[in-house]
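**Student:** structure of the sequence below:
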Amino acid sequence: MQALQLFGDRDLRLGEVDPPAAPGPGEVQIRVRAVGLNFIDVWGFRGMAFAKRKLPLTVGAEASGEIVCVGEGVTDLGEGDRVVMYGAQTCGRCKACREGRDNLCEDVSGVMGFHIDGFARQLVTMQARLVVKVPDGVSFTDAACAPIAFGTVQHMLFDNAKLEPGESILVHAGGSGIGTAAIKMAKAIGCTVFTTVGDDTKGEMAKALGADHVINYRDERFEGEVRRLTKRKGVDVVFEHVGPDTWNGSLLCLKRGGRLVTCGSTSGVSTTMNLMQLFQQQYRITGSFGCSMANIRQSLAKMAEGITPVVDTVLPLGDFSQGLERLESRKVFGKILVTID
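**Tutor:** Next up, the predicted model:
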């Protein structure tokens, strides 16, 4: 079968590999239909794996597909079911897993497409417990955005930031895959959305998604604009994933007792901050990584209700590296996906 493998830094090759073994007890075999690209793919492409991995490595951390056969004992999934897959290989036994906090698994064996072979291949065999059915009416390309992009935003906004209807929120990088999802999810519950973008074209597109206030960070300081627009009051929540370039400005955008939730640091790994400001303003800062299986189900339900991903580009599997380069260039608005025949 065909698979896209990473042989070294920025060295992706599409080739033939052996198909996976037939599913064993408790497993299913899936024909992969669509793969979503994320910054975790860019990090892997650059060689920033942060952990040991064996090359060549099949890439792709987020995907959808359809079941072609099931192993012994699998009763809730069947041939032809459309599904998405949870890419973190959790143990299923620890306290966090038993409580449904899958992304806090104490014995995770790796993230598919990053540490171990991923989804950019025609067939994959998975544990059935890590597979979620896709509701009717949700396309393979939309569904492929659920396990990381939509699931991450669902977890950030509602599990961690506890975003409430009618609150105000600053969404950084409103043209990114998770930024566009955050705008749509926040507007769906009646929040006032501020967002940052890098050019006026993206600004118009963010407004079309429902953003109430769009700030081009290349033309003006976003923290000054947020404070001006809120009459120096600040916002309830900041949705942060840029890192050092925006961190301290993000804190200045918060009202007293405001909540900042962060899932990424694309502009660097470290920064400094004013600790007196932190405790005097009583900020609540939460780190967020990935999502739970429940968040994926919630995300798919939202898609079925009409809160769908913004898709920038759909490419064939052989152009995966082109998609990564587009994502890396930040010229994207929404998600980049690849489809597999």
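
**Student:** buried set for the helix or strand containing residue 285?
**Tutor:** Following DSSP states H and E, one finds residue 285 within strand 284-287. Across strand 284-287, burial judged by 16 or more other C-beta atoms under 10 Å covers residue 285. In this view, the C-beta of every residue, glycine as well, is placed from N, C-alpha and C.

**Student:** one more: stretch 300-310?
**Tutor:** Result for stretch 300-310 [16+ other C-beta under 10 Å]: buried residues 300, 302-304, 308-310.

**Student:** verify the contact between residue 161 and residue 239 for me.
**Tutor:** Yes: with contact defined as C-beta atoms under 8 Å, residue 161 reaches residue 239; the gap is 7.4 Å.

**Student:** which of the buried residues of stretch 300-310 fall within helices?
**Tutor:** Judged by DSSP state H, these include 300, 302-304 as members of helices.

**Student:** pull the helix or strand with minimum mean pLDDT from the chain.
**Tutor:** None of the helices or strands of the chain scores lower by mean pLDDT, DSSP states H and E than helix 39-46, at a mean of 87.

**Student:** so how far is the strand or helix carrying residue 336 from its chain's centroid?
**Tutor:** Using DSSP H and E, residue 336 sits in strand 335-339. Put simply, strand 335-339 sits 13 Å off its chain's centre (C-alpha atoms, centre = their mean, to the nearest Å).

**Student:** for stretch 225-238, give me every contacting residue.
**Tutor:** Contact partners of stretch 225-238, identified using C-beta atoms under 8 Å, 6 or more residues apart in numbering, comprise 157, 161, 163-164, 167-170, 172, 194, 213, 215, 250-256, 258-261.

**Student:** which of those count as buried?
**Tutor:** 157, 161, 163, 167-170, 172, 194, 213, 215, 250-255, 258-261.

**Student:** so for the strand holding residue 336, what's the average pLDDT?
**Tutor:** Strand 335-339 shows a mean pLDDT of 97.

**Student:** that older thread, among the contacts of stretch 225-238, which lie within strands?
**Tutor:** 168-170, 194, 213, 215, 254-256, 258-261 (DSSP state E).

**Student:** for these, work out which two are farthest apart.
**Tutor:** 215 and 256 (21.8 Å; C-beta to C-beta).

**Student:** sketch out the low-pLDDT regions of this protein for me.
**Tutor:** Applying pLDDT under 70 to the chain picks out residues 49-51.

**Student:** and the strand holding residue 336, what's buried?
**Tutor:** Those would be 335-338, for strand 335-339 by 16+ other C-beta under 10 Å.

**Student:** quick one: strands adjacent to it?
**Tutor:** As defined by DSSP bridges, the strand partners of strand 335-339 come to strand 27-36 (antiparallel), strand 311-316 (parallel).

**Student:** burial count for the residue lying closest to residue 271 once chain neighbours are set aside?
**Tutor:** Closest residue in space to residue 271, ignoring its immediate chain neighbours: residue 244 at 4.1 Å, by C-beta to C-beta, 6 or more residues apart in numbering. Residues lying near residue 244 (other C-beta atoms under 10 Å) number 14.

**Student:** which residues sit in contact with residue 244?
**Tutor:** 265, 267-271.

**Student:** same question, residue 171
**Tutor:** 179, 182-183, 186, 193-196, 211, 239.

**Student:** same question, residue 119
**Tutor:** Residues near residue 119 by C-beta under 8 Å, 6+ apart: 32, 35, 58, 60-63, 65, 85, 87, 112-113.

**Student:** what's the closest of those residues to residue 129?
**Tutor:** Nearest to residue 129, judged by C-beta to C-beta, of these is residue 85 at 10.9 Å.

**Student:** surely that closest one touches residue 131?
**Tutor:** Yes: Residue 85 is within contact range of residue 131, at 5.6 Å (criterion: C-beta under 8 Å).

**Student:** so how many other residues sit close to residue 275?
**Tutor:** So residue 275, with other C-beta under 10 Å, has 8 neighbours.

**Student:** put the alpha carbons of stretch 238-246 into PDB.
**Tutor:** The C-alpha trace of stretch 238-246 is given here as PDB (Å, rounded to 0.1, in the frame of the first residue of the first chain):
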ATOM      1  CA  VAL A 238      -7.600  35.000  26.000                       C
ATOM      2  CA  PHE A 239      -7.200  32.000  23.600                       C
ATOM      3  CA  GLU A 240      -3.400  31.900  23.300                       C
ATOM      4  CA  HIS A 241      -1.200  29.600  21.100                       C
ATOM      5  CA  VAL A 242       1.500  32.000  19.700                       C
ATOM      6  CA  GLY A 243       3.800  32.200  22.700                       C
ATOM      7  CA  PRO A 244       6.500  34.800  23.500                       C
ATOM      8  CA  ASP A 245       5.500  37.200  20.700                       C
ATOM      9  CA  THR A 246       2.100  37.700  22.300                       C
END
